[in-house]
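> My questions concern the predicted model and sequence given below.
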Amino acid sequence: MFETVNALVLREVRYKEADRILTLLTEREGKLTVKARGALRKGSRIAAATQQLTYAEMTLFGNRGRWTVNEAVVKEGFEGLRGDMEKLALGAYFAECAEALSVEEQPEPELMQLSLNCLYALSRGLHAPEKIKAAFETRLMCVSGYAPELMTCAVCGREPEDPVLSLDHGRVCCRACSGAGERAELGPEGLKALRYLAAAPAKQLLSFSLADTDLLRLGAASERYLLRRAERGFPTLDYWKKLRNYSINTEREI
């Protein structure tokens, strides 16, 4: 059985001498594991389209629940990521998150659109990486069924005063109402941005602005909330942070 899909390559692993095992994200079929035979051979027609962080049209052959890439053509290579280690590491973090929170053979149209939009913005340098990261993490939680409760304080029922995000319960509270448990600082502007990211149309997801201090708060909150709900760490996130800290320290020295 042959099937043509639009797929984002989330992960690639070398297999034997010339093959790749790919983890793909597709709209209709969700997450798929496929084999790309001969992808590492010199002159392979599918080599470029089977690299990590490549969006491609693929024709897959299925047999007894196993999929093999028959043909593949690049639709978007996100070339702006390839020459920038920080951007590439952050893109890999997006891919690792998408792989962890997607489900095998379950349609993932919202996750696909989110991943493509954020990778495109990162590749083209349309927004600061920290802004794209916070938007991706927040929206990922929403499309994965972990949307936090943001309308009013979960304790007093009023508009939150000095709002914080309860990481234990996934809800916003006044600082005075939050009680015990781990929480993340938001502030009024951070809460506004969080509400926007939870509800904005996909194509307008990054159409918000925050002062640097508020963006740092939002970024810390979105990251901590994702890590809590995913119940795991992400090596690609740790690597991106190391690269980012090195760049910041180097700039200060200059």
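Cool, got the structure.

> Check which helices and strands whichever strand or helix holds Lys133 is in contact with.
Element membership for Lys133 (DSSP states H and E) is helix 129-143. Applying 3 or more CB pairs under 8 Å, 6 or more residues apart in numbering; DSSP states H and E, we find helix 129-143 packed against helix 85-101, helix 109-124, helix 187-199, helix 212-230. All C-beta spots, glycine's among them, are computed from the backbone N, C-alpha and C.

> Buried ones in stretch 156-175, by neighbour count?
160, 163-167, 170-174 (16 or more other CB atoms under 10 Å).

> For the longest strand seen in the chain, output the C-alpha coordinates as PDB.
In the chain, taking DSSP state E as the definition, the longest strand is strand 2-15. Extracted in PDB, the C-alpha atoms of strand 2-15 (Å, rounded to 0.1, in the frame of the first residue of the first chain):
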ATOM      1  CA  PHE A   2       1.300   3.400  -1.000                       C
ATOM      2  CA  GLU A   3       0.400   6.600   0.800                       C
ATOM      3  CA  THR A   4       1.600  10.200   0.100                       C
ATOM      4  CA  VAL A   5       1.900  12.400   3.200                       C
ATOM      5  CA  ASN A   6       3.400  15.800   4.100                       C
ATOM      6  CA  ALA A   7       5.800  15.100   6.900                       C
ATOM      7  CA  LEU A   8       8.100  16.900   9.300                       C
ATOM      8  CA  VAL A   9      11.200  14.900  10.200                       C
ATOM      9  CA  LEU A  10      11.400  15.000  14.000                       C
ATOM     10  CA  ARG A  11      14.300  12.600  14.400                       C
ATOM     11  CA  GLU A  12      16.700  10.700  12.200                       C
ATOM     12  CA  VAL A  13      18.900   7.700  13.300                       C
ATOM     13  CA  ARG A  14      21.500   6.000  11.200                       C
ATOM     14  CA  TYR A  15      20.700   2.400  10.600                       C
END
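
> still on that earlier bit, quick one: closest of the helices and strands packed on helix 129-143 to Val73.
Closest of those to Val73 is helix 109-124, at 16.2 Å (criterion: CB to CB).

> List the neighbours of the longest strand of the chain that are in contact with it.
Where contact means CB atoms under 8 Å, 6 or more residues apart in numbering, the residues beyond strand 2-15 that reach it are 20-29, 31-32, 35, 40, 49-62, 70, 75, 95-96, 98-99, 112, 115-116, 119.

> what angle sits between it and helix 85-101?
Put simply, strand 2-15 runs at 120 degrees to helix 85-101, going by axes from the mean of the first three to the mean of the last three CA atoms, to 10 degrees.

> Please identify the pairing partners of strand 2-15 and their relative orientation?
strand 19-26 (antiparallel), strand 55-63 (antiparallel) (DSSP bridges).

> Just give the number of residues close to the nearest residue to Glu110 once chain neighbours are set aside.
Nearest non-adjacent residue to Glu110, counting by CB to CB, 6 or more residues apart in numbering: Val143, 4.3 Å away. The number of residues packed around Val143, counting by other CB atoms under 10 Å, is 18.

> Quick check: Val143 touching Gln113?
No: contact criterion CB atoms under 8 Å: Val143 and Gln113 do not qualify, at 9.0 Å.

> follow-up on the earlier one: switch the helices and strands packed on helix 129-143 over to a markdown table; also include mean neighbour count, distance to Val13 and mean pLDDT.
Formatted as a markdown table, those follow (neighbours: other CB atoms under 10 Å; distance: least, CB to CB, whole Å; pLDDT from 0 to 100):
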| stretch | mean neighbour count | distance to Val13 | mean pLDDT |
| --- | --- | --- | --- |
| helix 85-101 | 21 | 12 | 97 |
| helix 109-124 | 20 | 19 | 97 |
| helix 187-199 | 19 | 32 | 97 |
| helix 212-230 | 19 | 21 | 97 |
